[in-house]
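Visitor: Fold the stuff below for me.
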Amino acid sequence: MTLGLSNFVFALGDDAFADFIGGIQFLPTTIMMVHLCPPGSEGASYAMFTTVNNSAGSLAGAISTNILRFFDVKKETLIAGDLTDMTNLTILTTVLQTSGLLFVGLLPHTKDDLVKMSHGGSSRIGGGIFIAVTILSLMWTIVVNLLNVIAPGWAGES
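Guide: Presented below is the predicted three-dimensional model:
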């Protein structure tokens, strides 16, 4: 029991809280993206942004499953009292989750800065990188989901 809660409720609450925070973070970035898109293409921009966000979530899940291979966090190890790899994994995930704060300074500070950005032109290289990452992420997501249906446990997870 932790804080008067069972382990199951505590773990469930952690996931629910993380999903809640993710939803709150999604709204301001969506509003900023809509302000950056050309007039009349807000719907397409929202669809693109949602696709990228969803494929990033699937890609993150696949990457995190593969990262688990480097840490011995099996139930037996934890029951034996060895929390070394659990501590290292917690530190790594905390650093990765907070690394986005390094890019906050790149965001526009005022609405005027946002308007200036929307009239800044375009970049073929940036657009190409964006399209390539989006297509590769979608392909990865499709392949991983198909493998999970066709051959459960293919990545070594339980």
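
Visitor: tell me the secondary structure for residue 52?
Guide: Judged by DSSP: H, G, I helix; E, B strand; the rest coil, the three-state class of residue 52 is helix.

Visitor: ugh, wrong one, residue 16
Guide: Under the three-state scheme (three-state DSSP), residue 16 adopts helix.

Visitor: burial measure for residue 137, as a count.
Guide: By the measure other Cβ atoms under 10 Å, the count of residues near residue 137 is 20. Placement of C-beta: from N, CA and C, glycine included.

Visitor: shouldn't it be in contact with residue 54?
Guide: No: between residue 137 and residue 54 there is no contact under Cβ atoms under 8 Å: 9.3 Å.

Visitor: And residue 74, how far from residue 68?
Guide: Going from residue 74 to residue 68 by Cβ to Cβ, to the nearest Å gives 10 Å.

Visitor: who has more neighbours, these two?
Guide: Higher neighbour count among residue 74 and residue 68: residue 68, with 16 against 13, using other Cβ under 10 Å.

Visitor: The residue most central in space within the chain: which element?
Guide: In the chain, the centroid-proximal residue (Cα atoms, centre = their mean) is residue 57; its distance is 4.3 Å. Following DSSP states H and E, one finds residue 57 within helix 42-67.

Visitor: contact partners of the next helix-or-strand element following that helix?
Guide: Note on helix 42-67: by DSSP H and E, the next helix or strand toward the C-terminus is helix 75-79. Contacts to helix 75-79, defined as Cβ atoms under 8 Å, 6 or more residues apart in numbering, come from residues 85-86.

Visitor: Now helix 75-79 - C-alpha only, CSV.
Guide: Extracted in CSV, the C-alpha atoms of helix 75-79 (Å, rounded to 0.1, in the frame of the first residue of the first chain):
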residue,chain,number,x,y,z
LYS,A,75,9.3,-9.0,-11.4
GLU,A,76,11.7,-11.6,-9.9
THR,A,77,14.5,-9.0,-9.7
LEU,A,78,12.3,-6.5,-8.0
ILE,A,79,11.0,-9.0,-5.5
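
Visitor: What's the mean pLDDT across that helix?
Guide: Average pLDDT, helix 75-79: 87.

Visitor: Kindly report the same for stretch 89-96.
Guide: Here the average pLDDT along stretch 89-96 is 87.

Visitor: ditto for stretch 37-54
Guide: Stretch 37-54 comes out at a mean pLDDT of 80.

Visitor: Run the chain-centre distance for it.
Guide: From the chain centre to the centre of stretch 37-54 is a distance of 18 Å (Cα atoms, centre = their mean, to the nearest Å).
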